[in-house]
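[1] The following block contains a protein sequence and its predicted model.
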Amino acid sequence: MKWSQAVTDYKHYLQIERGLSNNSIENYCYDIKKLTTYLNNNTIDSTPISIDNETVKQFIYAISKTINPRSQARLISGLRNFFDYLIFENYRKDNPLDLIESPKIGRKLPDTLSVNDIDSIISAIDLSYGYNGVNLGERNRAIIETLYSCGLRVSELIELKISDLFFEEGFIKVTGKGDKQRFVPIGDTTQKYINIWKSIRNHINVQPDSKDHLFLNYKGRKLTRAMIFTIIKKLVEKSGINKTVSPHTFRHSFATHLLENGADLRAIQMMLGHESITTTEVYMHVDRSHLSEVLNKFHPRK
């Protein structure tokens, strides 16, 4: 079996059996591409079936000089999954990464925005800003409010549709990873700003493939991930906040603020769309003072 055939089959498996998005599939296969590039550069004649533990160890040792421990751990995990798939399909009997340990890494937690930070970012929005007659300032405010108040991933935000808005019931329908859907509560303030944007959107010449998408550019097409990152970057610079802020920072802040104010971890898990509660726990970086308050308030022998 050639590497190209093995990767093609693996992609089909990830798409059909695992239900992963195209972005996730490409990330998984990027690890394999690094391995095959190493084999080609060093004229090592190994196939997915014949490659052994020693060759993989040499590859990881070589690449460890160019990537950080976290990236190295992710690469090892990705390759291990690939060879587990080959075992599952009876192409191999062993996994060449079984005896290879991932580097020890600390838990990396993204920056969290305070409520004042978020207010500063929203205040930095020029609500009169427009282009070709489209008020993009009101759109940007609705975007930031939705990211923070609903805890959405950037991919979920750009795919949010008008038909997903159930304002009378106080929910929006979100399509997450693997096309799994969930309902997320949405507050009155965010509803108000979305409705303002919708009234502006009604006057845009919307392109046929974006008829139902909520957030559009001035040409009437749905926004890209890169555009959301650019909007946030400019607003953070303008507000003078000295933190690394991405769309995911608002999601993390959403979850952290809920927990700090007493929300149940299981409820947060459902709103974030995490399959496992342990994934949600990684997002919850709560300071010790808050934990002490919880203990003093709720424990019977405080």
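    Looks like it came in fine.
[2] Kindly report the domain assignment for the protein.
    3-88, 115-294 (automatic domain parsing).
[3] Which neighbouring elements make contact with the host helix or strand of residue 70?
    According to DSSP states H and E, residue 70 maps onto helix 69-88. For helix 69-88, the packing partners by 3 or more C-beta pairs under 8 Å, 6 or more residues apart in numbering; DSSP states H and E come out as helix 3-16, helix 22-41, helix 53-63. C-beta: built from backbone N, CA, C; applies to glycine.
[4] for these, which one sits closest to residue 128?
    Between residue 128 and the helices and strands packed on helix 69-88, the shortest gap by C-beta to C-beta is with helix 22-41, which sits at 35.2 Å.
[5] can you list the residues that contact the closest one?
    3, 6-7, 10-11, 14-15, 20, 44-46, 51, 55-56, 59, 62-63, 74-75, 78-79, 81-82, 155, 177 (C-beta atoms under 8 Å, 6 or more residues apart in numbering).
[6] Alpha carbons of stretch 175-185, as PDB, please.
    Extracted C-alpha coordinates of stretch 175-185, given in PDB (Å, rounded to 0.1, in the frame of the first residue of the first chain):
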ATOM      1  CA  THR A 175     -24.200  23.600  14.100                       C
ATOM      2  CA  GLY A 176     -20.900  22.500  15.700                       C
ATOM      3  CA  LYS A 177     -18.200  20.000  14.900                       C
ATOM      4  CA  GLY A 178     -19.300  17.000  13.000                       C
ATOM      5  CA  ASP A 179     -22.500  18.800  12.000                       C
ATOM      6  CA  LYS A 180     -23.900  18.200  15.500                       C
ATOM      7  CA  GLN A 181     -26.500  20.700  16.400                       C
ATOM      8  CA  ARG A 182     -27.400  22.200  19.800                       C
ATOM      9  CA  PHE A 183     -29.600  25.000  21.100                       C
ATOM     10  CA  VAL A 184     -27.800  27.800  22.900                       C
ATOM     11  CA  PRO A 185     -29.700  30.500  25.000                       C
END
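[7] Now do residue 47: how many residues are near it, please.
    Counted with other C-beta atoms under 10 Å, residues neighbouring residue 47 total 13.
[8] any idea how far residue 25 lies from residue 214?
    26 Å (C-beta to C-beta, to the nearest Å).
[9] If you count surrounding residues, which of those two has more?
    Set residue 25 next to residue 214 and count neighbours by other C-beta under 10 Å: residue 214 wins out with 25 against 17.
[10] mean confidence score for stretch 243-253?
    Across stretch 243-253, the average pLDDT comes to 90.
[11] now do stretch 68-79
    pLDDT averaged over stretch 68-79 gives 86.
[12] Go ahead and name everything in contact with it.
    27-28, 30-32, 34-35, 56, 60, 63-64, 67, 97, 100, 102-105, 108.
[13] at 7 Å instead, please
    Residues outside stretch 68-79 that contact it (C-beta atoms under 7 Å, 6 or more residues apart in numbering): 28, 31-32, 34-35, 60, 64, 97, 100, 102-103, 105, 108.
[14] between the residues you listed, which is closest to residue 207?
    Distances from residue 207 to those, taken by C-beta to C-beta, are shortest for residue 28, at 31.9 Å.
[15] on that earlier part again, I'd like to know which of the contacts of helix 22-41 are buried.
    3, 6-7, 10-11, 14, 20, 46, 51, 55-56, 59, 63, 74-75, 78-79, 81-82, 155, 177 (16 or more other C-beta atoms under 10 Å).
[16] quick revisit: which one of the helices and strands packed on helix 69-88 lies closest to residue 194?
    Of the helices and strands packed on helix 69-88, nearest to residue 194 by C-beta to C-beta is helix 22-41, at 25.8 Å.
[17] buried residues in that closest one?
    25, 28-29, 31-32, 34-36, 38-39.
[18] and which of those residues is nearest residue 141?
    residue 25 (34.2 Å).
[19] which other helices and strands contact the helix or strand where residue 249 lies?
    According to DSSP H and E, residue 249 maps onto helix 247-260. Packing contacts for helix 247-260, counted by 3 or more C-beta pairs under 7 Å, 6 or more residues apart in numbering; DSSP states H and E, involve helix 136-150, helix 225-239, helix 265-272, helix 277-283.
[20] what about residue 255, distance to residue 264?
    Distance from residue 255 to residue 264, by C-beta to C-beta: 12 Å.
[21] And the two? Which one has more around it.
    residue 255 (23 against 10).
[22] right, and that one touches residue 152 too?
    No: if you go by C-beta atoms under 7 Å, residue 255 and residue 152 don't touch, sitting 11.5 Å apart.
[23] Check the secondary structure at residue 172 for me.
    strand (DSSP: H, G, I helix; E, B strand; the rest coil).
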